[in-house]
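In: predicted model follows, preceded by the sequence.
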Amino acid sequence: METSKRKDQERAFERFASTHVAPYADQCDREERIPASIIERLGDAGYLGFGIPTKCGGGGADSIAYGLLHRQIARASASVHGVVNVHHMATVPIARWGSRAIKETWLPRLVRGDLVAAFATTEPEVGSDASAIQTTAKPDGDRFILNGTKKWITLGQRADVFLVLARCEEGPTAFLVERNTPGVEVIPIRGLLGCRGYMLAEIHFDDCRIPSENLVGRAGLGLTHVFSVGLDVGRYGLAWGCTGVLDACLDASLQYTRRRHQFGVAIREHQLVQQMIARMVTKRRAAELLCTHAGELRDRRDPSAIAETAVAKYYASVALGAAAADAVQLHGASGCSSDQPVQRYMRDAKIMEIIEGTTQIQEIAIARYAYRDLDRAEPSSSSAARGQAA
Ligand SMILES: Cc1cc2nc3c(=O)[nH]c(=O)nc-3n(C[C@H](O)[C@H](O)[C@H](O)COP(=O)(O)OP(=O)(O)OC[C@H]3O[C@@H](n4cnc5c(N)ncnc54)[C@H](O)[C@@H]3O)c2cc1C
């Protein structure tokens, strides 16, 4: 797309976010919920189906447009960004792997935002190692019976449907579970450090009878195919979301350091203040370039796109963590007060280093991709032996 059209597109996202999201960012944080009117507006604007292919009724956005939308929404509110991201994490895999019946029944309403979806992998005893899930799905005639608990589920308090990972005989398997299914109990989780509008919940499944047609993809391929697509989409959206919060940190820091005077001058004149600004600018630029690079690879369906998305999420979230801490530092005592948004950015930033794969899990994955590439190019004796053993 031409640069000028891209800029127009980003300006439209920015207008939406500054009009319909930013004014409510503090309220979302304080009340730990997102007003229904914001979710409705996101749906009306087509942003809840923006990343879904047009053949499935979605907006069919290219990866850069999709990323820029995430950036602008997160710049206004990381909590509201979570709605757009998680809804896509559940909906994109349904569009990719759902049966025709599932797509016909659910996708149109999910794409329009009439229904909101959540993505449920984590359990009280299972986090980073999703292959160890304990929630079970046992076949029973034309149904599966689900038992188990999911925890820390974004939008859990609000979602109409959950994409749930449960263990069958064949291995982890994905199911679509309607909120009003008998045996589903939603228990709100409150008091989070950051991203407090996520409307988190713990979800219990107690002998929940799920129609077999709600199985998404094939039994046993839930993690490797269905949820891995959702996590990859989530990492990409989150990486761009981090650039949006980085924008917000920099905007606030530039403004404040111009206004605030100490030692007879605006604090922007102090070189150690300039150092923090310079680091923030550079981190923001590097994160934006990594996100753009990953987006271009995604649009070309390049095999390295998944690895580069992990690199972008890793870098952007760690960079944001450091930049948000500096933003608070630059504001001094004011930065610790709820009168200034930078304390919210710092709390939100910590969450962004944990979700969609923690920093440590990204590091492990990135190193694995690097060795995989080397082993393919130059098989070593140990990698050849591993290949034989497999
Ligand atoms: C605000 C919020 C929203 C969330 N939303 C969702 C959601 O919508 N759906 C969902 O399914 N889950 C959600 N989660 C859960 C999130 O995905 C998990 O928190 C995350 O995967 C990490 O799992 P854990 O918290 O159990 O940490 P653990 O896996 O127990 O890890 C604890 C620590 O050990 C480290 N660690 C673990 N394994 C290794 C290793 N092999 N090597 C090195 N270090 C390691 C981790 O990096 C971390 O620092 C959410 C969490 C939060 C906080």
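Out: Cool, the structure landed. All figures in this text were calculated on a predicted structure; none of them were measured in a lab.
In: which SSE is immediately downstream of the strand or helix carrying Ala25?
Out: In the assignment (DSSP states H and E), Ala25 maps to helix 25-31. For helix 25-31, the following helix or strand on the C-terminal side (DSSP H and E) is helix 36-44.
In: point out where the stretch 251-390 of the chain drops to low pLDDT.
Out: 381-390 (pLDDT under 70).
In: and Ala118, what are its bridge partners?
Out: Judged by DSSP bridges, the bridge partners of Ala118 are Phe162.
In: need the contact list for it.
Out: By C-beta atoms under 8 Å, 6 or more residues apart in numbering, the contact set of Ala118 is Val86, Ala90, Ile153, Thr154, Leu155, Gly156, Ala159, Val161, Phe162, Leu163. (C-beta placed from N, C-alpha, C; glycine too.)
In: list the buried ones in stretch 47-64?
Out: Neighbour-count burial for stretch 47-64, counted by 16 or more other C-beta atoms under 10 Å, picks out 47-52, 56-59, 61-64.
In: in those, find the pair that's most separated.
Out: Of all pairs drawn from those, the widest gap by C-beta to C-beta lies between Gly57 and Ile64 and measures 21.5 Å.
In: I figured Ala137 hits Glu170, correct?
Out: No: between Ala137 and Glu170 there is no contact under C-beta atoms under 8 Å: 10.0 Å.
In: between these two, which has more neighbouring residues?
Out: Shown here are Ala137 and Glu170; by other C-beta atoms under 10 Å, Ala137 has more neighbours (28 against 11).
In: got phi/psi on that one?
Out: phi -130, psi 110 (degrees, to the nearest 10).
In: model confidence score at it, please.
Out: The score at Ala137 is 98. That number is its pLDDT.
In: who touches the residue nearest to it when sequence neighbours are not counted in this structure?
Out: In space, and not counting its chain neighbours, Ala137 is closest to Ala166: 3.9 Å by C-beta to C-beta, 6 or more residues apart in numbering. The contact partners of Ala166, by C-beta under 8 Å, 6+ apart, come to Ile133, Thr135, Thr136, Ala137, Phe144, Leu146, Gly148, Pro172, Thr173, Phe175, Phe205, Gly222.
In: enumerate the residues of this structure near the ligand.
Out: Neighbours of the ligand within the chain, by C-beta under 6 Å from any ligand atom: 86, 118-122, 127-128, 152-154, 192, 195, 198, 200, 351, 354-355, 358, 360-361, 364.
In: distance of the residue lying closest to Gln157 once chain neighbours are set aside relative to Arg190?
Out: Distances taken as C-beta to C-beta, 6+ apart place Met199 nearest to Gln157, at 4.0 Å, with adjacent residues excluded. Distance, Met199 to Arg190, using C-beta to C-beta, to the nearest Å: 10 Å.
In: who's more crowded, the two?
Out: Met199 (25 against 11).
In: the more buried one contacts Val186, correct?
Out: No: if you go by C-beta under 8 Å, Met199 and Val186 don't touch, sitting 10.1 Å apart.
In: between those two, which contacts overlap?
Out: Gly156, Gln157.
In: now the strands for this protein?
Out: With DSSP state E as the criterion, the chain has strands at 117-120, 136-140, 143-153, 161-168, 171-178, 184-188, 201-211, 215-216, 261-262, 265-266.
In: any chance of a markdown table for those strands, columns distance to Phe16?
Out: Below are these laid out as a markdown table (distance: least, C-beta to C-beta, whole Å):
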| stretch | distance to Phe16 |
| --- | --- |
| strand 117-120 | 21 |
| strand 136-140 | 39 |
| strand 143-153 | 26 |
| strand 161-168 | 25 |
| strand 171-178 | 29 |
| strand 184-188 | 28 |
| strand 201-211 | 27 |
| strand 215-216 | 31 |
| strand 261-262 | 36 |
| strand 265-266 | 33 |
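In: just those: most buried one?
Out: When you average the neighbours per residue for each of the strands of the chain (mean count of other C-beta atoms under 10 Å), strand 117-120 leads with a mean of 29.
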